[in-house]
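Chemist: One predicted model, sequence on top.
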Amino acid sequence: MPPSSFLPGERPPAEVLAIADLHVTVHSGAATALRGVSLGVQAGEIVGLVGESGSGKTLTCRAALGVLPPGVDVVQGTITFAGEDVTGLPPRRWERLHGSHIGAVFQDPASYLNPNLTIGSQVTEVLRVKRGLSRKRAHAKAIELLTAVGLHQAARVFHQIPAELSGGMLQRVMIAIAISCDPELLIADEATTALDVTIQAEIIELIKDLRDQRGLAVLFLSHDLAVIRELCDRVVVFYAGEVVEAGPVAEIIERPRHPYTQALLRVASVGDFQRRELQVIPGQPPQVGAQIAGCKFAGRCPSAIDACRAGDIALTRLGPAHEARCVRVNDPGLTAASAAAEPELARR
Ligand SMILES: Nc1ncnc2c1ncn2[C@@H]1O[C@H](COP(=O)(O)OP(=O)(O)OP(=O)(O)O)[C@@H](O)[C@H]1O
């Protein structure tokens, strides 16, 4: 498994998406929202991005999709897709990548579908425009796709409108559209968050199956480490626009090294998502653009010491694929403190 940031010669050949040292500003350059983000996703790998609201997950995935809103700009770093530098690609070239090489699904599927058109006409439209299929072949392919994403009676669903389907079914339709052109990369931004626990588990299984069957690379965004744990191979933890920890999921769940990851673990839903009531980490993350010397989590961190506020903190390599941005990362006192607060999730 690759590390989340790249040293010379470490980049594996099958990397589908590679983001290196990404800096993104908002409000037309007035504030920096992403600072030095690096991560990679290989074919057949599911990488989770986790962090509280506002931590920078969506901006990272929108940058990777080339769909940053006005006033939001990539000012440094590179985004490489299938070996090609796509940073600053013109909109028309991005459009060609969307749907054909990169598929995306989001939290609220209903808002991405036309409420007045049948599911079938919306899926076939994509197939006709993006793949140039005839009406007849697009119809057959649409049924095949709706079946592939686990919709029973696909021929019936084909003729239904969005209001006739449940949230889980609509998300399956969005996944069918996202994979309709056999993309190499699927980006899922809080795609299961609004769903009920059983349906959430089903969608997670579907994404796993698609990865297994198609060798898809998946970038999966969630605020919940428990969901990430069910699905992902590796996880990248975001805080205030920076990567604070990254590594294999099992290792991060068992031995989270950054105090923020430890705090996220304590508020994660547990037991196959059975505990879903809202739990939050005490305190607030800093405002975007806030000038903070040193660790941006120090103000909320029970283990903060003066050294945390002394200056920029680099990621420390903790193993071949594990790194964390904390001055106390090798401090036995911190490890002991985190063990004492060992989260329920890690004990399962
Ligand atoms: N269009 C925008 N204009 C100004 N600031 C923005 C814009 N989009 C995002 N931001 C800011 O950038 C920061 C990162 O936001 P981002 O949406 O990436 O976070 P997130 O981790 O995905 O959170 P959420 O889960 O709520 O989407 C936040 O402080 C947010 O307010």
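Modeler: Sure, I can see it.
Chemist: Count the residues that sit near the closest residue to the ligand within the stretch 201-348 of the chain.
Modeler: Using CB to the nearest ligand atom, residue 288 is the residue of the stretch 201-348 of the chain that sits closest to the ligand, at 3.3 Å. Where C-beta positions appear, they are placed from N, C-alpha and C, glycine not excepted. Burial of residue 288 is recorded as 18 neighbouring residues (other CB atoms under 10 Å).
Chemist: quick check, it in a helix?
Modeler: No. Counting by DSSP: H, G, I helix; E, B strand; the rest coil, residue 288 is not found in a helix; it is coil.
Chemist: State the phi and psi torsions of it.
Modeler: Here the main-chain torsion angles of residue 288 (degrees, to the nearest 10) amount to phi -60, psi 130.
Chemist: how close does it sit to residue 34?
Modeler: 10 Å (CB to CB, to the nearest Å).
Chemist: again with residue 49
Modeler: With distances taken as CB to CB, residue 49 is found 12 Å from residue 34.
Chemist: what residues are shared contacts of the two?
Modeler: Common neighbours of residue 49 and residue 34, counting by CB atoms under 8 Å, 6 or more residues apart in numbering, are residue 60.
Chemist: for the spatially closest residue to residue 294 that is not a sequence neighbour, what are its contacts?
Modeler: Distances taken as CB to CB, 6 or more residues apart in numbering put residue 309 closest to residue 294, at 4.1 Å, once the chain neighbours are dropped. When contacts are counted by CB under 8 Å, 6+ apart, residue 309 is found next to 293-295, 298.
Chemist: Quick check: the gap between residue 309 and residue 52.
Modeler: When CB to CB is applied, the distance between residue 309 and residue 52 equals 21 Å.
Chemist: Helices along this protein, start to end?
Modeler: In order along the chain, the chain carries the following helices (DSSP state H): 57-65, 91-97, 119-131, 135-148, 154-158, 167-178, 197-214, 225-231, 249-254, 259-267, 332-340, 344-347.
Chemist: Below-threshold pLDDT in this protein: ranges please.
Modeler: 1-13, 270-279, 333, 335-348 (pLDDT under 70).
Chemist: how about the residues of it that lie near the ligand?
Modeler: Residues of the chain lying close to the ligand by CB under 6 Å from any ligand atom are 26-27, 33, 51, 53-59, 69, 71-72, 223, 288.
Chemist: Repeat the analysis, applying 5 Å as the threshold.
Modeler: 26, 33, 53-59, 69, 72, 288 (CB under 5 Å from any ligand atom).
Chemist: Mind giving me the PyMOL command for buried ones among those residues?
Modeler: For anyone working in PyMOL, the buried entries among the residues of the chain next to the ligand, judged by 16 or more other CB atoms under 10 Å, can be selected with:
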select buried, resi 26+33+54+55+56+57+58+59+72+288
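Chemist: tally of neighbours for residue 283?
Modeler: 11.
Chemist: Would you confirm that it contacts residue 299?
Modeler: Yes. Shown here, residue 283 and residue 299 form a contact pair, counting by CB atoms under 8 Å, at 6.6 Å.
Chemist: Could you chop the chain up by domain?
Modeler: The chain breaks down into these domains under automatic domain parsing: 15-101+183-347, 114-180.
Chemist: mind putting the ones you listed in TSV, distance to residue 108 included?
Modeler: Listed next are these as TSV, based on distance: least, CB to CB, whole Å:
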stretch	distance to residue 108
domain 15-101+183-347	7
domain 114-180	9
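Chemist: Find the nearest non-adjacent residue to residue 53, please.
Modeler: Of all residues beyond its chain neighbours, the one nearest residue 53 is residue 223 (6.5 Å), with distances taken as CB to CB, 6+ apart.
Chemist: Tell me the spacing between that neighbour and residue 61.
Modeler: Separation of residue 223 from residue 61 (CB to CB) stands at 14 Å.
Chemist: circling back: the residue nearest to residue 53 contacts residue 58, correct?
Modeler: No. Between residue 223 and residue 58 no contact is recorded; they are 10.8 Å apart, counting by CB under 8 Å.
Chemist: list the contacts for the closest residue to residue 107 other than its chain neighbours?
Modeler: Excluding its sequence neighbours, the residue lying closest to residue 107 (CB to CB, 6+ apart) is residue 190, at 4.2 Å. By CB under 8 Å, 6+ apart, residue 190 lies in contact with 106-107, 221-223.
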